Structure formats: C-alpha cells, structure tokens
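Participant: The sequence and its predicted three-dimensional model are supplied below.
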Number of protein chains: 2
Amino acid sequence: MIRTPYLLFLGDAHDQLAAKVAQGIQDWRPDNVVGQFRMPGCKADVGAKDMTLAEAYDAGARTLVIGVANRGGVFSDAWLDVMVEAMETGFDIASGLHSLLRNSPMLREAAERTGRTLHDVRIPTVAYPIANGAPRSGKRCLAVGTDCSVGKMYTGLAMDAEMKARGMKSSFRPTGQTGILITGEGIPLDAVIADFMAGSVEWLTPDNDADHWDHIEGQGSLWHVSYSGVTMALIHGGQPDALILAHEPTRTHMRGLPDHALPSLEALRDQALALARIANPDCVVAGISVNTKALGDDEALALCAEIEDRMGLPTVDPFRHGAGRLVDALAAI
Amino acid sequence: MIRTPYLLFLGDAHDQLAAKVAQGIQDWRPDNVVGQFRMPGCKADVGAKDMTLAEAYDAGARTLVIGVANRGGVFSDAWLDVMVEAMETGFDIASGLHSLLRNSPMLREAAERTGRTLHDVRIPTVAYPIANGAPRSGKRCLAVGTDCSVGKMYTGLAMDAEMKARGMKSSFRPTGQTGILITGEGIPLDAVIADFMAGSVEWLTPDNDADHWDHIEGQGSLWHVSYSGVTMALIHGGQPDALILAHEPTRTHMRGLPDHALPSLEALRDQALALARIANPDCVVAGISVNTKALGDDEALALCAEIEDRMGLPTVDPFRHGAGRLVDALAAI
C-alpha cells in the first residue's frame, strides 16, 4: 500500500502534458494531494500548492509521487538528488515510469539507509492468463482516441463518477500508472508482456452483474504507431459493449510523432468499431468525448454541438460539462 | 550461441500443430537436426529419426531443443525428468516457451551440477526503443494471417530463400522462437513488454539498401483476440511495403478459440491494408499464401487457382509450389 497523502513531483517537466500523471491525481483525488514540488525550468503546474520537501512533510505528505510521464524515461542526476533528499526527509517514493526506481543503485542505497520504500507501479504483480475470448457478463465501455493523451482516462473516471452518483453499478478499471495511483488498483498494461496483454484486460474486467458497467481505461490510439498494439489488446481483451471516441481538437500531429497526422473521428469510429466487433458483435459507438481544455467556454460548446451534428452521437467534454449525456447513452444499451 | 546439431524434443505433444517449432527447424535447417525424441502419447511426428538421448548424443547432437509450443506452457514432471537426464548425458537445453528453463529449481540444479547451459530464447536480450514511426529505407514485407499457425513464418522463409536464389538482396527477420532457433537471431516479440513491441520491430528492420527486402515474420492474427495486439505492433513497427495474406483452408475455428470464426480473405485484406497504410501509405497487398498441407496435389492447385481468380492476387502454397510468383509480385513493387 502506498502511503497517502502525496507530494506531487513535477521535476523539470518539458510541457504541461508531461505532468498528466500529477494532473490526474490532483483532479480526481485532490484529498490525497498536499502539494507539488517543481524544479527550475519546470513548464508544468497542476494547481497544487508549491512546497519544499520539508514543508510538505510537515503538512502530512508521506509519499513523493513522480507525477511526470515521459517516453521510456530516465532519471536525471538532479531528480535523483531530490529523491534521495526526499527519502532522508521521511518520504517513500512512488513512480510509474518504465525506468524503475529499484534499478537505481543510488535510490536503492538511500532507501535501505533511510528505511523507506520504493514503489514501482509499472510492474505487473499478477501472472495474467492468455486471453480466451469467452463472452463475459456485465457491460464494458472503452474510450478509444484519435491520439494518446486526449482524455481517455478522464472520460472513464467521469462516466464512473456520474453512474455512481445515479446509484448505478459501475467500476473504473485502470490500465495505466495514473489510474493505479488514483484508485490503488488496476493493471500496468503497457508493461505487460505482449502475449499476455489481452489476457490481463480480461482479468481486469471479469464477469459481473448484467447491469454493471466497467469503464476500461483506454491507452494509446490505433493511429499511434508506437502504441497501437496496446490499444488493440484493450479492444479485444476488453470485449466492450460500447466505445466512446476521444479527441483533443487543437492537436496538430500525433503526440511524439511530428510527421504523423491524426485521423478523422469518422475514420476512428469505423476502424475501432470493426475491430471491436470481432470480440463483441454487439458493440456500438455510444458517444464522443472532446477535451476542450484549450478552448473558451463558448468555443467548447460550439465545437461539441458541431461534432454532434456531424457525427450523430452525443458529444460533450465530460470533465467540463459532466458525463451525463454519455451515461444516458450507455444506460440505453 | 546454441550448440548444433539439435535433438528435437517433441514430448507428449497433443497434436501435430503443437510441434510446429520442431517442424520448422526440421523443414528449414535439416542439417542441424540429428533426430527427434518422443514420449508415450506423443501425437506429433516431424519426420526426423526417432532416437533415445544416448543415440542422439552419439550421433553428435549437443542441444535438446524443446520443439513443442503451447499456450503459456508449463513443464510436466515427465518432461523435467527427461531434461535432467539429457543434461546428464551431455546436452544443453534450448527452449522458447514463456515458462523459462531458468525458473525451474530442478533444471537449474541439474545444469549447475552437470556444467550444462539452459538457453531461454524467449527472453529479449536487447533494450528496445520506443517506436518513432520514421520512414525507413529498403523494402519490407509482412505476412498477415486469418489465424495463428497458418504458415506466416514458412511464407517469409520461402520468399527469402527464393530471393537469395535469384541473387536479390533479402533477409528473413524472425519474431518468434522457431525463427530464432532456425536463424540464430531475431526478436522474441511476444515476450517484449507492450510499450516496446513496435520499437522492437523497428529495431529488427532498420534502414537498408533501397532494393533490399526484409521478410518480417508475422505473428498472431488481427482476428485472434488473444494476440491481435502483437499483430498490430508488427504492422505498425514493421512499416511494410507489401502484405501477403496467409490462410489454412481446413481451419474450422480460430486456434484455441472454439467459438470464434475465421475472417474471409477479403476482410483480412481490407482490414490489414487499412491499418498498414497508417504506417506506410504506399503499402499494397501483393499476394496470398495458402497452407495446403492437408490437401492432395490436385486439390491444392485447384484451391489456389480459385482463390487467385476470386481475389485477383497471385496465390500459391510457397512451401509446396515455391515462392516464385510471390517474389515476382514483390519485385514489381
């Protein structure tokens, strides 16, 4: 168990989106956040209180959570120094990066010396089975995106929260480090070995009551060549009854791939649905989730209305507008 | 380096297809095979000479190769006894199963005691990068199947052999245990962790001469829900210029999934091409490879002709008829 509350480590994040792990924790479990720790040059700010290690510890924080995600990341010397000092101050460290805390001799030595714990949440702790494709009871919803980092997790969390508020049976099923740090459970899907990906998603979303909804956290995008295999495993292991299309309208190219264009929502709808129906012939596209964070209020509403009119599907920003209309669509399935 | 020649261990294989690793080695590197070792109840026979451990050792064999593939396999007590005896006889052991030789205390103890080596070829030995999707020079061909175990590897090996016979520049790029045991190199793709799958395929098929062909070994199928994520990573990491559709016409359901139907060749063509063009807009479907092993000579020719007529693509069994017409098609790209 990772001790709460957290101090969110933003390091020297190269842009706001790099701190999405911290932002997610701040947005969805603010009670678990005491403050944020930023270093010179940090280009992210998740809206928590800027604090030193000592201030945060005095305020009750007990785990320094590495809230910065990067591709295949490594720890800089500056980061390592902060983490060692954090442990000397009394913090455990939690990280979801591929680069494991436990593989750093410096961090291991400091953890031993200070009696602190290193939590690597990217390491699968379960021996997942091979997927068997058997039809499962209960209902499952999966967000699929035009790109990575468009709001798939927020969509799932928002729909789960709305369903719970209505007294409906619902669970959010994390598949990434942020969701795992938010809920305390889930699968670190992108660190599962290839043959077992779909099986881990089946394991995550077992048989349930007929009127129970699993909101499976989406990962990657079928159009993002680095990670599309992970997305595919979610579609087939998740066996969703409903897909929600997720999009961020100011994105000019696929994240991390400057020469790759985003697909249209129409192309995403058609491709994702065709693949999903291999696992569940009854799957439908139920709605669209637009991340309007970069837009003003009027612009956001106008854009959602325009997409809804074009696509013929309920379209909202679930974080800004609430997930009610998406839940209405699911409830009708 | 794994010492050759091999004794192929077929154990108590539950059907012929379970011994495809052994069959592949026998078919493509017969000079490296001294014989086969079968146990009571074994339902596979790869056509090598049945031998005891002692006979095979006397005939020069130096590695016992576990030639039986199974889903997420484990070693039975009977198998372990044979493997220990093999090491005592002087054999090293090589295996490509997910279940690692090195994780068995019994095998580790015997290896230490006898001074023998345990080779787990399913373990990635390279720290693969994250895929970057950059266009690569040279040409790449990928076989995609209506199911697992339809002949994708044989297709690639046959095309590579035909190209080499014609003096064309060509390499076969293994992605599975059999290919790795045949060629001595490649990536154990299904044991790579999810986020690095596509990157491992990019690593496997780097920039090359404009007239060089990489024949990338296909894995799984877009229609096989257990492994479709691996297939997806091959399509996007491989960035193929050409796809070959692979099929086994007597298959009545997806391998291991009795309730799942195979797709039509038309559906496979359309789906695989749409996904491939995300990575390489110039990709084309060049031909069709039919595994006619279960058919008579006339039947095989008639079926290939019928498929060719229907699909408008050169259609052969490359192992039975030669890969010439498929290579003709690639040479024209």
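Facilitator: Cool, the structure landed.
Participant: Below-threshold pLDDT in chain A: ranges please.
Facilitator: Scanning chain A for pLDDT under 70 picks out A:70-73.
Participant: quick one: the helices in it?
Facilitator: All helices of chain A, identified by DSSP state H, fall at A:20-28, A:53-58, A:77-89, A:105-114, A:152-165, A:177-183, A:197-204, A:228-238, A:265-279, A:297-311, A:318-321, A:324-331.
Participant: Now residue A:13: closest residue in space, sequence neighbours ignored.
Facilitator: residue A:44 (3.7 Å; C-beta to C-beta, 6 or more residues apart in numbering or on different chains). C-beta: built from backbone N, CA, C; applies to glycine.
Participant: Around chain B, pick out the residues from the stretch 101-250 of chain A.
Facilitator: Applying C-beta under 8 Å from any C-beta of the partner chain, we find that the stretch 101-250 of chain A lies next to chain B at A:129-134, A:189-199, A:222-223, A:225-233, A:236-237, A:239.
Participant: Buried subset of the residues you listed as a PyMOL selection?
Facilitator: Selecting only the buried entries of those in PyMOL, with 16 or more other C-beta atoms under 10 Å in any protein chain shown as the criterion:
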select buried, chain A and resi 130+131+132+133+189+190+191+192+193+194+195+196+197+198+199+222+223+225+226+227+228+229+230+231+232+233+236+237+239
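Participant: what about the residue nearest to residue A:120 when sequence neighbours are not counted, how many residues close to it?
Facilitator: Nearest residue to residue A:120, sequence neighbours excluded (C-beta to C-beta, 6+ apart): residue A:100, at 4.7 Å. Using other C-beta atoms under 10 Å in any protein chain shown, residue A:100 is surrounded by 15 other residues.
Participant: what sits against residue A:100?
Facilitator: A:120, A:122-123 (C-beta atoms under 8 Å, 6 or more residues apart in numbering or on different chains).
Participant: which one among those gets closest to chain B?
Facilitator: Nearest to chain B among those, counting by C-beta to the nearest C-beta, is residue A:122 at 9.3 Å.
Participant: Give me the phi and psi angles of the residue nearest to residue A:19 when sequence neighbours are not counted.
Facilitator: Spatially, and ignoring its direct neighbours in sequence, residue A:19 is nearest to residue A:44 (3.5 Å; C-beta to C-beta, 6+ apart). Main-chain dihedrals, residue A:44, degrees, to the nearest 10: phi -120, psi 150.
Participant: list the contacts for residue A:44?
Facilitator: A:10, A:13, A:15-16, A:18-19, A:22-23, A:38, A:68.
Participant: which one among the residues you listed gets closest to chain B?
Facilitator: Relative to chain B, the closest of these is residue A:18; by C-beta to the nearest C-beta it sits at 14.7 Å.
Participant: Deepest-packed of the helices of chain A, please.
Facilitator: When those are scored by mean count of other C-beta atoms under 10 Å in any protein chain shown, the highest mean neighbour count falls to helix A:228-238 (a mean of 30).
Participant: CA-only coordinates of it, as CSV, when you get a sec.
Facilitator: Only the C-alpha atoms of helix A:228-238 are listed here, as CSV (Å, rounded to 0.1, in the frame of the first residue of the first chain):
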residue,chain,number,x,y,z
SER,A,228,-1.4,0.8,-31.3
GLY,A,229,-0.7,-2.8,-30.3
VAL,A,230,-1.7,-1.9,-26.7
THR,A,231,-4.9,-0.3,-28.0
MET,A,232,-5.7,-3.4,-30.0
ALA,A,233,-5.3,-5.6,-26.9
LEU,A,234,-7.7,-3.4,-25.0
ILE,A,235,-10.3,-3.6,-27.7
HIS,A,236,-10.1,-7.4,-27.9
GLY,A,237,-9.4,-8.2,-24.3
GLY,A,238,-11.9,-5.7,-23.1
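Participant: tilt between that helix and helix A:152-165?
Facilitator: Helix A:228-238 runs at 20 degrees relative to helix A:152-165, counting by axes from the mean of the first three to the mean of the last three C-alpha atoms, to 10 degrees.
Participant: packing partners for helix A:228-238?
Facilitator: Helix A:228-238 sits against strand A:139-145, helix A:197-204, helix A:265-279, helix B:197-204, helix B:228-238, with contacts defined as 3 or more C-beta pairs under 8 Å, 6 or more residues apart in numbering or on different chains; DSSP states H and E.
Participant: Check which helices and strands the longest one is in contact with.
Facilitator: Secondary-structure packing of helix A:265-279 (3+ C-beta pairs under 8 Å, 6+ apart): strand A:139-145, helix A:228-238, strand A:242-247, strand A:284-290, helix A:297-311, helix B:265-279.
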